[in-house]
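Chemist: fold the following and give me the result.
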Amino acid sequence: MDSVSAKPEEVAAYQSSEAKQARLQSMLSALLDDPILADVPRKPSLADVDTLINLELGSAMRVTVVKLDNSSFDVAVLNSATVKDLKLAVRKKISEIEQEQMGHRHISWKHVWDNYCLTHHNEKLMDDNSALSSYGVRNNSKVCFSPHIMSRVHRKHSRRRKHRFFHGLSKKL
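Modeler: Reported below is the predicted structural model:
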């Protein structure tokens, strides 16, 4: 019976930690409403905060991403970032925007990157492992989404592999 019932000290400790958590949340929301901190996400991760600090220190850059409808948004990435890092930042930012405006919504990023690519001064950012600086992307640069059709050479599964898989299914018993 003692293990089920809570001791008064435990209840007081729980209520005080709950009160601390509520105070912390109210202070955080007040801070995030400050216009100076407008670029901080609503639920920032340690990586988000680290990138924003590096942006202020000059070791990160702000990149404007222009969508197909000519609307745009900013993402922050380190100066040493690769195309893959930029794609991950774009994915995270768009997910935040979609969540804020429409609630939970699933986006097939494989479909997005198979049919669209990012470009900087009409140069396609195709190699995920290339540094953004090798494409000339600097602080306050603009990159744009543009339609892209991947050639068959770049597809991961060949026809032969698919044929081998289905070959066993078509045998007569």
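Chemist: from now on I want contacts and neighbour counts done on CA atoms only, so please keep to that.
Modeler: OK.
Chemist: please tell me how far residue 134 sits from residue 128.
Modeler: Residue 134 is 12 Å from residue 128, where distance means Cα to Cα, to the nearest Å.
Chemist: typed the wrong thing, it's residue 98
Modeler: 24 Å.
Chemist: and residue 81, by the same measure?
Modeler: 10 Å.
Chemist: looking at the two, which one has more neighbours?
Modeler: Shown here are residue 81 and residue 128; by other Cα atoms under 10 Å, residue 81 has more neighbours (17 against 13).
Chemist: from memory that one sits against residue 132, does it?
Modeler: Yes - counting by Cα atoms under 8 Å, residue 81 does reach residue 132; the two are 6.1 Å apart.
Chemist: now the helices for the chain?
Modeler: For the chain, the helices defined by DSSP state H occupy 8-32, 46-57, 83-102, 109-115, 159-167.
Chemist: now these in CSV, please, with extra columns for mean neighbour count, distance to residue 77 and mean pLDDT.
Modeler: Supplementary listing: those in CSV, determined by neighbours: other Cα atoms under 10 Å; distance: least, Cα to Cα, whole Å; pLDDT from 0 to 100:
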stretch, mean neighbour count, distance to residue 77, mean pLDDT
helix 8-32, 12, 20, 70
helix 46-57, 14, 7, 79
helix 83-102, 15, 7, 87
helix 109-115, 13, 19, 88
helix 159-167, 10, 38, 48
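Chemist: gap between stretch 140-153 and the chain center?
Modeler: 17 Å (Cα atoms, centre = their mean, to the nearest Å).
Chemist: going forward, begin numbering at 281 instead of 1
Modeler: Will do, 281 is the new start, and the previous item becomes stretch 420-433.
Chemist: how about it: buried residues?
Modeler: Within stretch 420-433, the residues that qualify as buried are 422-425, counting by 16 or more other Cα atoms under 10 Å.
Chemist: now intersect those residues with the strands, please.
Modeler: Here DSSP state E is the test, and those give 422-425 as lying in strands.
Chemist: which one among the residues you listed gets closest to residue 383?
Modeler: Closest approach to residue 383 among these (Cα to Cα): residue 425, at 23.5 Å.
Chemist: what score does that closest one have for pLDDT?
Modeler: On the pLDDT scale, residue 425 is placed at 92.
Chemist: and for the nearest residue to it once chain neighbours are set aside, the neighbour number?
Modeler: The shortest distance from residue 425 to any non-neighbouring residue, by Cα to Cα, 6 or more residues apart in numbering, is to residue 398 (4.7 Å). As a burial measure, residue 398 scores 23 neighbours (other Cα under 10 Å).
Chemist: per-residue pLDDT, residue 398?
Modeler: The model's pLDDT for residue 398 equals 94.
Chemist: that one and residue 369, how far apart?
Modeler: Distance from residue 398 to residue 369, by Cα to Cα: 13 Å.
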